[in-house]
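Engineer: Could you work out the structure for the sequence below:
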Amino acid sequence: MIYQALRFLVVTVLACASFPLFRQQRTNGEPNALSGSAEDSARPEGDAIPGAGADSPAEGKSAKPESSSAPLHKIGSLTVSASWRLRTEAWDWFQPTTGENAYAFSHSLLRLGIGQKRESVEWLLEGAQDAILGLPTTAVVSGRQGQLGLGGTYFVANGNGQNNANGFVKQAYFGFKIPAQGHVRLGRFAFLDGAEVTPKDKTLATLVNTRITQRLIGDFGFSAVGRSFDGVRLGFDAGKSNITLLGARPTRGVYQIDAMGEVHVDLFYGAFTVPINSHSSAGELRIFALGYVDERGTVLKTDNRPLSLRAADKNQIRIGTYGADYVHVFHSNTHGPFDFLLWGALQNGNWGTQTHGAGAFVGEFGWQPVVRVLNPWFSAGYSFGSGDSNPTGNHHGTFFQVLPTPRPYARFPFYNMENNEDFYGTAVFRFPRALSVRSELHALRLADAQDLWYAGGGAFQPHTFGYTGRASGGNRSLANVWDVSLDCPLRYGLSITTYYAHAWGKSVMASIYPTGTTAQFGYVETNFRF
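Structural biologist: Alright, predicted model coming up:
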């Protein structure tokens, strides 16, 4: 199967290399950072007009909200944009005792926006039309085996509908400048934590966009629908530093086609970001704090307590998250750039009737050796999210990932940072004409064997918690995962992305899926921006 995936990617690379619509090769002599263009990385977070880059960080593009990546068209003083994303996904989930674990389905997202941006004011109105077609009807089974991939998740989230379509308001906001070099945005908009400032150094900007942003707050752009936020955002520039404040509620959507309403979850966020640069290096420090209040007391919480205790717990979740990250790039004329990043967070508060205390940490090191044509970028890292060791105690110790976009850090999306240890390595090859190949290898295990194997990305509908959990059976080893992707940008606003992943399940999977512990996932995606 791996041989077939590699052969498919090689054929696709050769086809793209000879495709007549391919972009012209860059002439400035500087290879792309991953594959995001300099124009993409230079856009400020939350620019007004919509694009469709659903999987931008995972595929090496800018991790800005989807609203920042589409081409802009002028009609008088107005700015208009449109995008259409089409993706077909193929799943071969870990082998259940019953149910459909091998299937394919398709979904599309059409976005149309019109707005205006002047020196002191801006506004945007953007609509979207989503469709999810051909979902499997038996990809959900009872017990720990649960939903057999995202086909089952989409099916359940949309009232057991096999074919689904809807329309909704994706963004609708008004912004204006205020004293002290400030800016206010009110309404419905996209937001990614960590993307408040775009570094001038291209390599640093790519690291921030692909390895820092969306760990706690994201638009879930990889999903068929995505999410936005209703609220207010304030930004202040003080010299080279930036202060950003956010008060908002997430919209519905992500897996369900109805994305008009809100979820009764309150989100409060503040961050201070400052660059740290020298003659031959560039860095960025961010200090942040996040408050999360889940008012849906009647929704069954996902944790490792017995069902009877969870069903009796009607109290709210109130969590504070406090952390910092630092990213630095060292430029070398002879050996190529070296980089490292550190990200960490601590949490406290109340998890219903339990007290909450948890933490997470990420460390990563990278190197871009000077090799023409291939332009490689190698990196290795470690990610840790704490788990809970006592299912019947009064303390909840599982790190809560809030409202992230998990997919940039879990490209085969069957896990996240909760109760997880991830040893990983990445290789990116940036060929001429913006063609990019990326491959990752992950060794996954649970942080605590008494806790659950978690998946998901946060609240997305009123009566669903937003995270799923499966008992580990007292085991820690989760899976080894290898994947490879190809990003092929073409002319005239067209791009094609292919992806393939293979997972070898370990003892946790064997306790849940005894008839087969391997899984595969792949997709082909086209994006039209016009």
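Engineer: those strands in the stretch 101-250 of the chain, which residues are they?
Structural biologist: Here the stretch 101-250 of the chain has its strands, by DSSP state E, counting those that start in this stretch, at 102-117, 121-133, 164-178, 182-189, 229-238, 241-250.
Engineer: and what of the stretch 351-500 of the chain?
Structural biologist: For the stretch 351-500 of the chain, the strands defined by DSSP E, counting those that start in this stretch occupy 354-367, 376-385, 395-396, 420-430, 436-445, 452-456, 467-471, 477-489, 494-505.
Engineer: Determine which stretch of these is the most buried.
Structural biologist: Most buried of these, by mean neighbour count (mean count of other C-beta atoms under 10 Å): strand 452-456, with a mean of 24. Using the backbone N, CA and C atoms, a C-beta is placed for each residue, glycine as well.
Engineer: So what touches that strand?
Structural biologist: 302-304, 398, 406, 413-416, 418-420, 446, 466-472, 478, 508, 512 (C-beta atoms under 8 Å, 6 or more residues apart in numbering).
Engineer: Stretch 166-175 too?
Structural biologist: So stretch 166-175 is contacted by 50, 67, 111, 113, 121-130, 183-190, 226, 228, 253, 257-260 (C-beta under 8 Å, 6+ apart).
Engineer: what about the residue lying farthest from the centre of the chain, distance to Q116?
Structural biologist: In the chain, the residue that sits farthest from the middle, by C-alpha atoms, centre = their mean, is G76; the gap is 35.3 Å. Per C-beta to C-beta, to the nearest Å, G76 is found 9 Å from Q116.
Engineer: again with T137
Structural biologist: 46 Å.
Engineer: ok, now Q401?
Structural biologist: From Q401 over to Q116 the distance is 36 Å, taken as C-beta to C-beta.
Engineer: between these two, who's got more neighbours?
Structural biologist: Q401 (26 against 14; other C-beta atoms under 10 Å).
Engineer: I'd guessed the more buried one sits against L216; true?
Structural biologist: Yes: proximity of Q401 to L216 meets the contact threshold set by C-beta atoms under 8 Å, at 6.5 Å.
Engineer: residues near P462, how many?
Structural biologist: P462 is flanked by 13 other residues according to other C-beta under 10 Å.
Engineer: Kindly report the same for A180.
Structural biologist: 9.
Engineer: Not counting residues beside it along the chain, what's closest to it?
Structural biologist: Once flanking residues are discounted, A180 sits nearest to F236: 5.8 Å by C-beta to C-beta, 6 or more residues apart in numbering.
Engineer: Was I right to think that neighbour contacts G182?
Structural biologist: Yes: between F236 and G182 there is a contact at 4.6 Å, judged by C-beta under 8 Å.
Engineer: confidence score at the residue nearest to A180?
Structural biologist: Per-residue pLDDT puts F236 at 95.
Engineer: beta partners of it?
Structural biologist: In this entry, F236 is beta-bridged to G182, I243, by DSSP bridges.
Engineer: What residues does it make contact with?
Structural biologist: A180, Q181, G182, H183, N242, I243, T244.
Engineer: Kindly state the pLDDT recorded for L341?
Structural biologist: pLDDT, read off for L341, is 98.
Engineer: so the helix or strand hosting it versus strand 376-385, what angle?
Structural biologist: Assigned by DSSP states H and E, L341 falls within strand 338-351. Using axes from the mean of the first three to the mean of the last three C-alpha atoms, to 10 degrees, one finds that strand 338-351 and strand 376-385 are set 20 degrees apart in direction.
Engineer: Partner strands of strand 338-351 and their direction?
Structural biologist: Applying DSSP bridges, one finds strand 338-351 paired with strand 317-330 (antiparallel), strand 354-367 (antiparallel).
Engineer: Throw the strands of the stretch 351-500 of the chain into TSV and include mean pLDDT and distance to L342, thanks.
Structural biologist: Formatted as TSV, the strands of the stretch 351-500 of the chain follow (pLDDT from 0 to 100; distance: least, C-beta to C-beta, whole Å):
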stretch	mean pLDDT	distance to L342
strand 354-367	98	6
strand 376-385	98	10
strand 395-396	96	26
strand 420-430	98	15
strand 436-445	98	19
strand 452-456	97	23
strand 467-471	96	26
strand 477-489	97	24
strand 494-505	97	27
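Engineer: can you put these in TSV and add distance to T198?
Structural biologist: Output for the strands of the stretch 351-500 of the chain, formatted as TSV (distance: least, C-beta to C-beta, whole Å):
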stretch	distance to T198
strand 354-367	19
strand 376-385	19
strand 395-396	36
strand 420-430	20
strand 436-445	20
strand 452-456	29
strand 467-471	31
strand 477-489	20
strand 494-505	21
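Engineer: how much space between the residue positioned nearest the centre of the chain and I512?
Structural biologist: Nearest residue to the geometric centre of the chain (C-alpha atoms, centre = their mean): T405, 2.8 Å. According to C-beta to C-beta, T405 stands 26 Å off from I512.
Engineer: re earlier: quick one, which of the strands of the stretch 101-250 of the chain is nearest to Y269?
Structural biologist: Ranking those by their distance to Y269 (criterion: C-beta to C-beta) puts strand 241-250 first, at 4.1 Å.
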